[in-house]
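Novice: The following block contains a protein sequence and its predicted model.
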Amino acid sequence: MKDKINGTNRIEMTFQNLPENERIGRTLAAAFASVLDPSMEELSDFKTAVSEAVTNAIIHAYPETQGDIIMVFERENNVVRVHIRDFGVGIADVKKSMEPLYTTLESGERSGMGFTFMEAFTDHVEVESELGKGTSVSLTKKMGGEKWNKPVN
């Protein structure tokens, strides 16, 4: 039997791309990571990165329809990962979309800083996308400071 704090834990959740569901992702991120006893800065950074990823999926994945977003949290030792997956329009140029200030929205309502914040507030960001099939964003964050002394894989 694995140690409940240092072992692996996983939570999966599916929700619709409604703006109010961003709060659910952010709250679940905080609750799931809190067992690692992170600093306030680590927890705030992780919540912000998750919020940005969920917001991107809500706004960009299904511009004219409703659709599902799957969020999977995994925690092992002192590392927490979240995978956010949609089945929407996809991203034509992932590299371009990750540039600061780049946005596909013509309304000017968004700053185009989502991926920049994700990269700034986590240890690793991975984005995979296919046009017409959706996008997957994975965020990895080491938490708990010196208490753990184990490297991130």
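Specialist: Right, received. Where do you want to start?
Novice: I'd assumed residue 54 was in contact with residue 19.
Specialist: No - here residue 19 does not reach residue 54: they are 10.0 Å apart, not a contact under Cβ atoms under 8 Å. C-betas here are computed from N, CA, C, even on glycine.
Novice: which one of the two has more residues nearby?
Specialist: Under the criterion of other Cβ atoms under 10 Å, the comparison of residue 19 against residue 54 puts residue 54 first, with 28 against 10.
Novice: Phi first, then psi, for that one.
Specialist: Residue 54 has phi and psi values of phi -70, psi -40 when expressed as degrees, to the nearest 10.
Novice: List the contacts of it.
Specialist: By Cβ atoms under 8 Å, 6 or more residues apart in numbering, the contact set of residue 54 is 21, 22, 25, 26, 69, 71, 84.
Novice: Recalculate using a threshold of 7 Å.
Specialist: By Cβ atoms under 7 Å, 6 or more residues apart in numbering, the contact set of residue 54 is 22, 25, 69, 84.
Novice: Now that we have those residues, which of them are buried?
Specialist: Neighbour counting by 16 or more other Cβ atoms under 10 Å classes 22, 25, 69, 84 among the contacts of residue 54 as buried.
Novice: Just the pLDDT at the spatially closest residue to the second one that is not a sequence neighbour, thanks.
Specialist: If the residues on either side of it in the chain are set aside, residue 25 comes closest to residue 54, at 3.9 Å by Cβ to Cβ, 6 or more residues apart in numbering. Per-residue pLDDT puts residue 54 at 94.
Novice: and the gap between residue 54 and residue 114?
Specialist: 10 Å (Cβ to Cβ, to the nearest Å).
Novice: Same question for residue 19.
Specialist: Per Cβ to Cβ, residue 19 is found 15 Å from residue 114.
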